[in-house]
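Undergrad: Provided below are the primary sequence and the corresponding predicted coordinates.
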Amino acid sequence: MAKKFYKDKALIGLDISTTEIKVMSVDAEKWLVRGYGAVDVDAAKMKKVFEKGDPYLEQQLKVLFSEKIIGSIASEQLVVSLPTSKTYSRTFTVPKAAEKNLREAVELEAGQYIPIPLALLYVDYEVVERSKDSLTVIMSAVPQIMVDNVLAAIDSLGFTVNAIEPGINSIARLLRTTEEGDLPTLIVDIGPANTDIAVLDGSIRVTGGTTVGGNTFTLDIAKKLGVALENAHQLKVINGLNPGPRQKKITSAVEPSLQRITSETRRVIRYYNERISGDRKLEQLLIVGGGSNMPGIGEYFTNDLLMPSRVASPWQKLDFGALAEPTKQFRPRYITVAGLASLTQEEVWQ
């Protein structure tokens, strides 16, 4: 997590992805939602924001904060998550003797693993385990230009960024307190266009991903069944993979895309088992994100990966009070920003 500035005020979560921007304010002691909102964004324009800089992000943030808020956002202090697929995370082990030159060891690992020159990255790291002979280190890196462009857009609106982290870290924070996330857990975050996969074992240990998402499933169904996209979306969220007259056709439509996700999940499991786990065993798989709203998807993962899998439902922890809650269909999109909004100042500066 990259720490930026400090002010002793409540922190507001701001989740920026290639398809939508969400904001949420939570009273972390009571888990009471004070305000939230979302705005859909154009993926091609967001790519330009991240890679070159563009006023589009500033414009969309203005729309979000002036027109889309349910409740209230009463602080200018933000914590921000960026798309996991645009960041780089890696866990590795070094001899204990390397601790005095740990920054050099991290930079060496980054240079070998990340396909971007080190000079163009912001790199952060944390020691997460110590044994008699070695240290286990988690490294996160993100392109400087992306962070600088995002910060410039946020600063122009008068907000202050306290910390930046990959979206999957925000999700992990929420799952730790709501879904037995203290167990070694696989997280599969199915967004509209991408799926991010991670192992949560105390902290995020391994990440992976693939360019398959909830929109992919909709397109698969539309093509296979010869129906309009709107009808395909309804079939996905109402019928899904559950038993019924259309189960066979829908399953055969989305199975190639699901297999791309489970194939990448196996790769992440293999890396964790071979490089990190020691004697710890992955206990559960939690599915989150907008693409998790396909009935039967938990059972599909359970059967395909032979691991207990379910769609995470952390919403019993969050109290929306008098606010209108997001509909069941749209609730999964808020999981990342809810994890961000539950961050406290103390956690930022641990």
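TA: Nice, thanks for sending it over. Residues are numbered from 1 along each chain as shown.

Undergrad: where does the stretch 101-250 of the chain dip in pLDDT?
TA: Segments of the stretch 101-250 of the chain classed as low confidence (criterion: pLDDT under 70) are 181.

Undergrad: need the strands for it, in chain order.
TA: Under the criterion DSSP state E, counting those that start in this stretch, strands of the stretch 101-250 of the chain are mapped to 121-130, 134-143, 160-166, 185-190, 195-201, 203-210.

Undergrad: ok and the fifth one relative to strand 203-210, angle-wise?
TA: Spelled out, that is strand 195-201. 160 degrees (axes from the mean of the first three to the mean of the last three CA atoms, to 10 degrees).

Undergrad: Give the partner strands of strand 195-201 in its sheet and their orientations.
TA: Note on strand 195-201: by DSSP bridges, its sheet partners are strand 185-190 (antiparallel), strand 203-210 (antiparallel).

Undergrad: right, and K62 touches L157 too?
TA: Yes. Counting by CB atoms under 8 Å, K62 sits close enough to L157 to count as a contact (6.7 Å). Every C-beta, even on glycine, is put in place using the N, C-alpha and C of the backbone.

Undergrad: And the protein, what are its domain boundaries?
TA: Per automatic domain parsing, the structural domains of the chain span 2-86+143-177+313-348, 88-142, 204-311.

Undergrad: can you give me the helices in the stretch 201-350 of the chain?
TA: 214-225, 229-234, 247-275, 297-305, 335-341, 345-348 (DSSP state H, counting those that start in this stretch).

Undergrad: Please render the strands of the stretch 101-250 of the chain as JSON lines that adds mean neighbour count to the earlier fields.
TA: JSON lines is the format used below for the strands of the stretch 101-250 of the chain (neighbours: other CB atoms under 10 Å):
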{"stretch": "strand 121-130", "mean neighbour count": "16"}
{"stretch": "strand 134-143", "mean neighbour count": "20"}
{"stretch": "strand 160-166", "mean neighbour count": "22"}
{"stretch": "strand 185-190", "mean neighbour count": "26"}
{"stretch": "strand 195-201", "mean neighbour count": "26"}
{"stretch": "strand 203-210", "mean neighbour count": "22"}
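
Undergrad: and of the ones you listed, who's closest to I261?
TA: Set against I261 and scored by CB to CB, these come closest in strand 195-201, at 5.1 Å.

Undergrad: How about the contacts made by S313?
TA: If you count contacts by CB atoms under 8 Å, 6 or more residues apart in numbering, S313 has them with E179.
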